[in-house]
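> what's the 3D shape of this:
(chains A, B, C and D)
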Protein chains: 2
Amino acid sequence: MTNIHDIARLSGYSVSTVSRVINHQKYVADDKRAKVEKIMHDLDYVPNRVARDLSKGQTKTIGVVLPYANHPYFARVIDGIVTAAFEAGYKITLLPTNYDMTIERQYLDQLRSKAYDGLIFTSRSSQLETLERYRKYGQIVCCEDPGEGRPLAAAYTDRLASFVSALTWAKQHGYRKMGVVLSRNNVISASTRMTRQAYEQVFGHLDDRDLFTGAVKYEDGYRAGGYFSQLQLAEDAIFANGDDIAAGVQQYYLDHGLAPIPVIGQENLLSSRLLKFSTIDHHLEALGQAAFRLATGQSTTHELIKSEFIKR
Amino acid sequence: MTNIHDIARLSGYSVSTVSRVINHQKYVADDKRAKVEKIMHDLDYVPNRVARDLSKGQTKTIGVVLPYANHPYFARVIDGIVTAAFEAGYKITLLPTNYDMTIERQYLDQLRSKAYDGLIFTSRSSQLETLERYRKYGQIVCCEDPGEGRPLAAAYTDRLASFVSALTWAKQHGYRKMGVVLSRNNVISASTRMTRQAYEQVFGHLDDRDLFTGAVKYEDGYRAGGYFSQLQLAEDAIFANGDDIAAGVQQYYLDHGLAPIPVIGQENLLSSRLLKFSTIDHHLEALGQAAFRLATGQSTTHELIKSEFIKR
DNA sequence: ATAATTTATGAAACCGGTCCCAGGTCAACC
DNA sequence: GGTTGACCTGGGACCGGTTTCATAAATTAT
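Reported below is the predicted structural model:
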């Protein structure tokens, strides 16, 4: 494989000069530039990207940590990230964790090893403190509100506000009690925390029996439908952590000849449009774009993306 | 930032020995190994990934070329690729092209520059010959049947067979003529070629007026619905290049009070389950996994993934 | 006891670039 | 005429690892 030294030798000039030509720097005489370019072209030479990255100490690559690749939530965020990265000439590497802390730690160590210039945590299992500890090895962006004074860049949606307005709207519609579907029932998940908080603000105490957890996709929603319909707790409606999940709930009631149950979903996916139920659009592409911008910067700014409650 | 030379100096041993410890090679005395490990641990040392990549001449990274990131077809393929890559300890970089040949070429040049060990083309705009020319710089996998004797690895679904069986089934159901929705109406797109071929095999000549092109997502399907409904060509049903698109077609008819139109979609997405129309599941995760395996191998094998027609 | 292996270690070349710095030319300016 | 500064060029350290090779000690085989 031909390298910069070959080009230098063949052109009769120095490696420095060739490097200047490659990088379109000034202070190269026109004739020499032309000659070097011709030789590079004739030899079909392309500079080695890895060598450049090593020398420069940066890879122009951002790692995106996410639990699973094929999930509409993350697909939308990734879309935003990839779009912004493409425009900025950055590459995006996908880092699936399946919510395994050990694997998250591996990715943090890869950041230390200079494999990425920065990391975006679209979701996390590790403590915020852990992420902060790795902050010195590169930019780290999280997609939730880390709280005031945290030395982490963050892009997040105003979940609480949108949840409150959605639930308030539901209450005004006469729903006395709602069932809630969540993914992870733990304190790490910002979505879970905000949902509980909004629920209690609007409806009061959230009984654990009105809660179905572990829902990630349609089938889980379907199971949640089974759960809520068998329960005799008389939820008037269901607030789900995703449109596909909400669709699953509704479908269960439909399949079993039960009275249709109103649902509110999230993400404004196709399913909510087809079944015409209300949803919250968190503008995840914008979230992804903001996260990317933060990942390439130095600041620890917090950026808020407005969520939008869509009544149907 | 501490490097391998620091560890060598502090431990009193040579860089070679430290390297052996890092890579768990044999021929290091137990006591020295322990001492080196202790020092690495104390200094919180992590070997630089880029330096290793440069030295080894491989990055353990596969680039995935795709038109757009947020599309259910590619999301499923990516899911398969990422899953397989994770297990194999490889990284996946997303390379969006928006079907721009110039950009595809850039990614091919990045392969030359050793930025990736291999490239997977989930879709392409360039000629196959172009891809083949870059074959010598790394493994290249395409997701379509490149034909016999082509020096390219390939993983693809038996589109033609599944299309024929779907259309045959439709014909047996009494549909005399079907409208067809496609994304790109050109000879590069394998999906387009196979669709035309299957249609002509089952229904005979495909009139251009029965064809709606440029459909990528739900809204495009909706527009296609408008097109077909206004046309007085009496298509009995629509064969679409994706479930979400098929759903759009149906939704248009529904919204405008027209008689429901049967549709056949593709990918077995949620929309087809919710609206209960037939679809073809191309098992895209399996496709992605196969593509990844090929990308890390040396062979130019062709791997066929069976598609499945799901009648509803 | 000697030959043949296996084990252990370090020096140094190598991967392929970037970039600082030193040195030289030449026109402009005071 | 001397200083200044822009322009041009090359040497070589540097980024941080891997790997080949030479050397030597410790085992094992004959």
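> can we go C-alpha only for contacts and neighbour counts from here?
Fine.
> dump the residue contacts of whichever residue of the stretch 201-312 of chain A sits closest to chain B.
Proximity of the stretch 201-312 of chain A to chain B (C-alpha to the nearest C-alpha) peaks at A:Ser271, 6.5 Å away. Going by C-alpha atoms under 8 Å, 6 or more residues apart in numbering or on different chains, A:Ser271 touches A:Asp243, A:Asp244, A:Ala247, B:Leu270, B:Ser271, B:Leu274.
> Sort out which of the residues you listed are buried, if you could.
A:Asp243, A:Asp244, A:Ala247, B:Leu270, B:Ser271 (16 or more other C-alpha atoms under 10 Å in any protein chain shown).
> Residues of chain A that sit close to DNA strand C?
A:1-5, A:15-16, A:19-20, A:22-23, A:46-49, A:51-52, A:54-56 (C-alpha under 7 Å from any atom of the strand).
> Can you sort out which of the residues you listed also neighbour DNA strand D?
A:Val15, A:Ser16, A:Ala51, A:Leu54, A:Ser55.
> among the residues of chain A next to DNA strand C, which are in helices?
Among these, DSSP state H puts A:4-5, A:15-16, A:19-20, A:22, A:49, A:51-52, A:54-56 in helices.
> Would you tell me which helix is longest in chain A?
Longest helix in chain A, counting by DSSP H: helix A:72-88.
> quick one: is the helix or strand following that one near chain B?
Moving toward the C-terminus from helix A:72-88, the next helix or strand (DSSP states H and E) is strand A:91-96. Yes. Residues of strand A:91-96 are located near chain B by C-alpha under 8 Å from any C-alpha of the partner chain, namely A:Lys91, A:Ile92, A:Thr93, A:Leu94, A:Leu95, A:Pro96.
> For strand A:91-96, which strands pair with it and how are they oriented?
Sheet pairing here is set by DSSP bridges, and for strand A:91-96 it gives strand A:61-66 (parallel), strand B:91-96 (antiparallel).
> which one of those is the most hemmed in?
The highest average neighbour count among the strands paired with strand A:91-96, using mean count of other C-alpha atoms under 10 Å in any protein chain shown, belongs to strand A:61-66 at a mean of 25.
> can you list contacts of it?
With C-alpha under 8 Å, 6+ apart as the criterion, strand A:61-66 contacts A:74, A:90-99, A:104, A:107, A:115-124, A:295.
> Among the residues you listed, the buried ones, what's the ChimeraX command?
This is the ChimeraX syntax for the buried subset of the contacts of strand A:61-66, where burial follows 16+ other C-alpha under 10 Å:
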select /A:74,90,91,92,93,94,95,96,97,99,104,107,115,116,117,118,119,120,121,122,123,124,295
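> tally of neighbours for the residue of the stretch 101-250 of chain A found nearest DNA strand C?
Taking C-alpha to the nearest atom of the strand as the measure, the point where the stretch 101-250 of chain A comes nearest DNA strand C is A:Lys114, at 14.0 Å. Counted by other C-alpha atoms under 10 Å in any protein chain shown, the residues lying close to A:Lys114 total 24.
> which element is it on?
A:Lys114 belongs to no helix or strand, assigned by DSSP H and E.
> I figured it hits B:Val50, correct?
Yes. Contact criterion C-alpha atoms under 8 Å: A:Lys114 and B:Val50 qualify, at 6.8 Å.
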